[in-house]
Structure formats: structure tokens, C-alpha cells
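# From the sequence below, what's the structure:
(chains A and B)
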Amino acid sequence: MAAPMSGGGRLCRLAWRRRAGALHSGAQPAALGREPGKVAETQSGVAPWRAVVGLEVHAQINSNSKIFSGSQVQFTAPPNSLVSFFDASLPGTLPVLNRRCVEAAVMTGLALSCSINKKSLFDRKHYFYADLPAGYQITQQRLPIAVNGNLSYTLYVGAKQSQMVTKNVRIKQIQLEQDSGKSLHNDARSQTFIDLNRAGVGLMEVVMEPDMCCGEEAAAAVRELQLILQTLGSSQAIMAEGQLRVDANVSVRHPGEPYGVRTEVKNINSLRFLARAVDYEIQRQIEELENGGTILNETRAFDYKLGCTIPMRDKEGKQDYRFMPEPNLPPLILYDAKSLPANIDDQQVVNIDWIQERLPDLPSVKRARLVEQYGILPEHSFTLLNEDGLMELFEDVVRKTQMNPKKVIGWVISELLGHLKQYDLTVKESPVNSVSLADLLNLLERGVISSSAAKQVLEELWKGEGKTPLQIVKEKRLELIQNQRELDQICQAVMEGHQEEVMEIKAGNKKVLNKLIGLVQRATQRRADPILVKQILEKKLSQ
Amino acid sequence: MPSTFSQGNFPLNVESIKHTIDQNPEWQLEEQKPLPQKKVTMELLDHLERLALVDFRNWEGVERLEKAIQFADQLHEVNTEGIEPMDSVLEDRCLYLRGDNITEGNCTKELLQNASQTAEEYFEAPPGNIPLPKLEEHESFLQDSN
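Numbers count the residues shown, from 1 in each chain, chains lettered A, B, ... in the order given. You can find the predicted model right below:
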């Protein structure tokens, strides 16, 4: 499938300007259009800069065993216990390709609208490092398994970050490769320890073209990729566990000029750091160039404590990887419904069409369905999918309550999610589940309690003491007064006790009505439905 | 080095394989032109030593390298225009796909016993990457061997 061609539409809406002292003050660099107050157009008198950001994302494949050997894939385990002879690169061992890894790559390629190469090749990429026992990594440089795809992602823009914009980034290719082991440095004693548990774990490298222009776009694109991978199950993509690693390629230029020299930024292990690292590097390059310096084609590491990028010692000078075909692996051949061979064992055949038919609904499809089915806003659907488990909770509550989904969403996002964020909990850890929330919303919907009373009940439920919403309502006497006569009498009493205010309202100052409503609420200990109270008062006042 | 030839075939008995040699070849080597001698610079030597961790040690080693390059350059004499390169004799074989089962691992002791330095089930490596002498130190060996 052809990817969209490059054009003005993809140029970043931001123009970068150097802000005096921006880097050293430790503050976020200002981009024109986002914080207009901080940067003046004519300040430096230099033409605007545009940043160009490309990403290389490495996603660990979610499989039981490694890509070329039968040892287990697991994040924590005793050092060097998940290592086979092949992983340790002992002589006499050979790679054997894991079928599950091939399927994961095909799934991911299809989800990103790539062309799947029915024939792909494996190569060796040579470099020396203690955590790479063989001295080379098996990868796919010449002919990877998938090429020419596209990833759509969304950003909030505008002064109040309220408008949603959809952007695209082209996927250059997806390749299968091996992960390296882990080195742990003890700088104090000049020791390096090697754990090969991770050596040989399958990786999908997703190469994104330099279609992004700032840290926010990079983070948003990676976030969407993460959601897609998690939906497919091809990778769990948890950045904190190293299952998703991002290297950013950053350069700057004036509009209309050719691409500038780029640097590679590594050691980024969260989405927030990704945005920060990219923005820092852009600002650093702009400053350097405006001061008459040059940018070196180097690799830099992001120091998250200092919030800056620093040159990496071992990567000075251009690397020469001496790529050569992997002699121990024949070409990888994939099939589709048309080319399916007759006499081969099923186990040996990966059928692209079969995989395509079984792809689960991607996040973008799920969001569209939520908007259509429940009438919620696109922004809401984004939030629902962004929090693990929130969509399921929302749909569950909608099923169990009579309340309109458009009202339910407000409770789920503002109230429930708001509380979760406040206490730094995940949806799974929520003390209030869909059943309790549905019960509560039903009480509200039936007019048993007011909206503010419902919020009080939620606070009580949050304590997780196992009480039902109805129990709490009864305990705290939060039920709305249903008796019309009782309400009427209270309103009458309030009116009689505040003749001056009544006079003012009758004279035309309608705002004073709110004061009367407030007094009724106080008299009823907030157990009166304000809408009803207003109706009664207005009726009395007009008599 | 163990001999891979049995007594009967070595030295090579040409008569026994003459019938396999094509008497009417379709192509011939072009007249041998002397190829330009590639001079190996200090920069290239340093680069190669870092890349491949080979120690050229002295002038003799460098000369041998230059001769090896010359020898290999003969490959350029063959006209390969329009021919798809072959990178593996396995190109027509089927790439075997293994099922995603855990069949190996749990041999920490065996793996570590081959290592010279270990510490609590970790391999121990020298800090940073492979330390190599700087360019200046190379010049000294070339001066010495004169």
C-alpha cells in the first residue's frame, strides 16, 4: 500500500526560535504558537527554524522463546539462567527461526498498512561490545519483512490544548532482529557485568521517516504505536521494562533549505523523556548553529536527571557495521491465499491473508465505534483507550445503567479517572468498580439523590469499605426530599423569612433568586433538588 | 591440521576428474591487466584494527594485507552485469520455522565455567569497550621495525 506523499501539509505548524538562556534555565523551550507571550518574533532577528525528527523504535516481541533459540523470554530471572549455547555464541550452534516472531512482525506490518515482503533476507551487523557475544547481530538490512507503511496519530493543539489534530508519519520499514544482552556498570570499581538473559530475544525494529517536528509529535506517535502493539499482542510494549525502546534522529534547518546534520539520541525510557530529549536536542542544535558552531553527526545519550543530551564515548566517529548476508539462514518466504503451496506442513507456512483476517480491531477503529455507538466526543474516546481498562469499565457501566452514555462518560472521565489520577492508581486498582458506579448512577438517574450528593457518595465509596451506594445514601441521609408538600412548605418559610429579597426579585433582580435557592438548600441540608426548588420559588414569586 | 584427504586422492589424481572439465568453455578470462596497487594508509590500518580486532603487528603483516587485497581484486575481472548476486547456496532451501516453545536454558553453571572472569553468575567484562592504543603508538612500531 502506498504511503501518503510528502507535502506542505506535513510541515510542522511550529517554528522554533531560540529563547535567550532557554537551555540553561532548565525551562522547557518555547515554540512559537504555543507560548506566544514568551518569544518575540523580532528578538533574535534570525530566520525561523524547522526541526526534523525521525524515530527508530525497537519493540520486544511477545513470545515464549527467543527469535533464534529455544530459551525463555522473561523480564526478571536469575542472571544468565535464560541463556542457551546459541545465545552465548558458543561454537557449533546455529540459529533456528521462531515462527511466532514471524507472525508478530507480519501482524504489525499489516496493522501499519505496510507491504509485506513475501521474500525477506537476514544479515549480520558487526560491532564489538561485551553484551553481544557473537560480535554481530542478526538483522534484516537488505530486504526487511515489511516496508512502506503509515501511522496516524492525534495531538491536542491550540491555545487551550483542546483541539484535536490528526497527523501521519510514514513507516519506512519493519525488520526482525536480535536483542543484545545487558551490561551493568560499576563505575566505582571499573567493572562491567554481563547478563545474557536478554541476548537473542526477538525484536521488531520500526523505522519512522523524519515526518515529525517536535517532542510532542514524537511522543504521540510512539504512544499510538504502543497502543497498536498492545492491541495486536505482538509486543507488550512496556517502556519501563525495556520492551519498547526509542532512538530519535534530530536535525534542524531553515524552511526551504536541505536537511541539516542529524544527531542520534539514545537512552530514552519513557514517553515524557522522549518529548523532553527531542525538544532539548532541537534547542541545543539551534543554539549551536546560531552561535556559529556546527553539528556533529554523532550519537548522544539523554541524561534524564539533568534533562540534557551528552555525547556518548564509544560512538565517536562513523560506525562501519560491515553488513553481510547471514549464511546460516535461507530467505524467509511468506505466502498468501493465492500462493499457498500444496504439500508443505502447516507449521512451516505463514499465510499473510490468514493473519490479516484475524487482526483485532485497531485503536482507531475502536475509537470510531465508541463515538458512533455511544455518541461521545472523539476526545473522550481517546481518553478511554489511553487508560488501560477504562474502555471496558465504561462499556460495562453503560450496560448496567439507564443513564445516557453521554452523561456516563462525564462521570467516568471527570470523577472516576480524576480520582484515579489523584491517587496515582490504575483502573485495575480502582476501589470503585463498574458495578458500584453503575448503582450510583442509577440512584442519580432515578432522582433519588442530587448530583452533588452523588459526588459525596463516590468519595465514600473510594474508601473501599465494601458498602453499596444505597447503604451510604441511607447512612448519610442524602436522599432528596421527594415530598412535594414538604418542599413547598420549606420554600414558603424561606420566602416569608426574607421579604427584602423577595421584593428585589419581584422588582426585576433575578440573580437574588439564587440566594433564596441557597437558603432552601441549607434548610434542607442540601437534600432538595435545586431545579425543583427553583420551579417552586418561581411559581410562588409570580403569584 | 587434520588431513581431509585420504591417501588415495592426495596428491590430486587429475586423470580421474578430467571428464568433469568442460573442454569448450563459453567464456574466457580477459587479458590480465595489471591492477592498480592499493596502498594501505595508516588511517585505514587503524580503522581495520578497531573494526576487526586484528593486529597487523609489523610491515610484513601490512604487505601481506596488500597482496591479499590485490588477489581478491581479480574478482572484478568477471563481468557480472545483469546477474543477481548469490549470497547463499541455501537460497532454494526452505527456512525451517520452529514452534514457540521453551526448550533450552537453565545452564548457568556450564556457561560460566568457560569464562575467565565471573562474579556471582554474571560474566565480567573489561569496562567500556575494547581499549586500543592511540594512533601515535602505531607510528612507533613502524619506526622501530626499520
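# what are the ranges of the helices in the stretch 101-250 of chain A?
A:215-232 (DSSP state H, counting those that start in this stretch).
# in it, which spans are strands?
A:115-116, A:119-120, A:123-126, A:136-139, A:146-157, A:163-178, A:182-186, A:191-195, A:202-212, A:244-253 (DSSP state E, counting those that start in this stretch).
# Those: which one's closest to chain B?
Between chain B and the strands of the stretch 101-250 of chain A, the tightest spacing by C-beta to the nearest C-beta is seen for strand A:191-195, at 3.7 Å. Every residue, glycine included, has its C-beta placed from N, CA and C.
# what angle sits between the closest one and strand A:182-186?
Orientation check (axes from the mean of the first three to the mean of the last three C-alpha atoms, to 10 degrees): strand A:191-195 against strand A:182-186 gives 160 degrees.
# Which strands or helices does strand A:191-195 pack on?
Identification of packing neighbours for strand A:191-195 by 3 or more C-beta pairs under 8 Å, 6 or more residues apart in numbering or on different chains; DSSP states H and E yields strand A:182-186, strand B:122-125.
# Dump those into CSV; add mean neighbour count, distance to A:L393 and mean pLDDT as well.
Putting the helices and strands packed on strand A:191-195 into CSV (neighbours: other C-beta atoms under 10 Å in any protein chain shown; distance: least, C-beta to C-beta, whole Å; pLDDT from 0 to 100) gives the following:
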stretch, mean neighbour count, distance to A:L393, mean pLDDT
strand A:182-186, 14, 37, 87
strand B:122-125, 20, 43, 92
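# out of these, nearest to A:E504?
Ranking these by proximity to A:E504 (C-beta to C-beta) places strand A:182-186 first, at 75.6 Å.
# Distance to A:E326 added to the helices and strands packed on strand A:191-195, as JSON lines?
Formatted as JSON lines, the helices and strands packed on strand A:191-195 follow (distance: least, C-beta to C-beta, whole Å):
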{"stretch": "strand A:182-186", "distance to A:E326": "23"}
{"stretch": "strand B:122-125", "distance to A:E326": "25"}
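# what's the weakest-modelled helix or strand in chain B?
helix B:135-144 (a mean of 47; mean pLDDT, DSSP states H and E).
# one step back: out of the helices and strands packed on strand A:191-195, flag the one nearest A:I481.
strand A:182-186 (65.9 Å).
# Work out the gap between that closest one and the centre of the chain.
Its chain's C-alpha centre and that of strand A:182-186 lie 29 Å apart, by C-alpha atoms, centre = their mean, to the nearest Å.
# Spell out which residues belonging to the stretch 101-250 of chain A are near chain B, please.
When proximity is defined by C-beta under 8 Å from any C-beta of the partner chain, the stretch 101-250 of chain A lies next to chain B at A:101-102, A:121, A:126, A:128-130, A:183-185, A:187, A:190-196.
# one more time with 10 Å, if that's ok
Within the stretch 101-250 of chain A, the positions lying close to chain B (C-beta under 10 Å from any C-beta of the partner chain) are A:101-104, A:119-123, A:126-131, A:133, A:135, A:142, A:181-187, A:189-197, A:202.
# Can you turn the buried part of those residues into a PyMOL selection?
To isolate the buried ones among these in PyMOL, judged by 16 or more other C-beta atoms under 10 Å in any protein chain shown, type:
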select buried, chain A and resi 101+102+103+104+120+121+122+123+126+127+129+130+131+133+181+182+183+191+192+193+194+195+196+197+202
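# Which residue, other than its chain neighbours, is closest to residue 122?
In the absence of a named chain, this looks at chain A. Residue nearest to A:F122 in three dimensions, not counting chain neighbours: A:E326, with 4.0 Å by C-beta to C-beta, 6 or more residues apart in numbering or on different chains.
# meant chain B, my bad for not saying
In space, B:Y122 is closest to A:F193, 3.7 Å off (C-beta to C-beta, 6+ apart).
# how about low-confidence regions in chain A?
A:1-15, A:17-46, A:159-161, A:313-318 (pLDDT under 70).
# Please disregard the earlier target; I meant chain B.
For chain B, residues meeting the criterion pLDDT under 70 lie at B:1-10, B:29-38, B:127-146.
# the longest helix in it is where?
Counting by DSSP state H, the longest helix found in chain B is helix B:59-73.
# returning to what we had before: so the residue nearest to A:F122 is in contact with A:L143, correct?
No: taking contacts as C-beta atoms under 10 Å, A:E326 lies outside contact range of A:L143: 11.9 Å.
# Please, which helix or strand holds residue 93?
By default, I'm working from chain A. Using DSSP states H and E, A:T93 is not contained in any helix or strand.
# ok, it - how many residues close by?
Each residue near A:T93 was counted by other C-beta atoms under 10 Å in any protein chain shown, and the total is 16.
# What residue, apart from its backbone neighbours, is nearest it spatially?
A:F86 (3.8 Å).
# Give me the three-state assignment for that neighbour.
coil (DSSP: H, G, I helix; E, B strand; the rest coil).
# and it, what does it touch?
A:66, A:68-71, A:92-96, A:133-134, A:199-200, B:104 (C-beta atoms under 10 Å, 6 or more residues apart in numbering or on different chains).
# again, only using 7 Å
A:68-69, A:93, A:95 (C-beta atoms under 7 Å, 6 or more residues apart in numbering or on different chains).
# In terms of distance to chain B, which of these ranks first?
A:S69 (6.0 Å).
# so that closest one touches A:G200, yeah?
Yes: assessed by C-beta atoms under 7 Å, A:S69 is found in contact with A:G200 at 5.5 Å.
# more neighbours, these two?
Between A:S69 and A:G200, counted using other C-beta under 10 Å, A:G200 has the larger neighbour count: 32 against 26.
# thought the more buried one was touching A:F85?
No: with contacts counted by C-beta under 7 Å, A:G200 stays clear of A:F85, the gap being 11.0 Å.
# Helix or strand next in line after the strand or helix carrying A:V397, which one?
According to DSSP H and E, A:V397 maps onto helix A:390-400. Using DSSP H and E, the helix or strand that directly follows helix A:390-400 along the chain is helix A:405-410.
# measure the nearest residue to A:N269 once chain neighbours are set aside to A:I505 for me?
Closest residue in space to A:N269, ignoring its immediate chain neighbours: A:M239 at 5.7 Å, by C-beta to C-beta, 6+ apart. Separation of A:M239 from A:I505 (C-beta to C-beta, to the nearest Å): 60 Å.
# A:E326 and A:L143: which is more packed in?
A direct count of neighbours by other C-beta under 10 Å for A:E326 and A:L143 places A:E326 higher, at 20 against 16.
# need the contact list for that one.
Going by C-beta under 7 Å, 6+ apart, the list of residues near A:E326 reads A:122-124, A:138.
# Swap in 10 Å and give it another go.
A:68, A:95, A:121-125, A:136, A:138-140, B:87-88.
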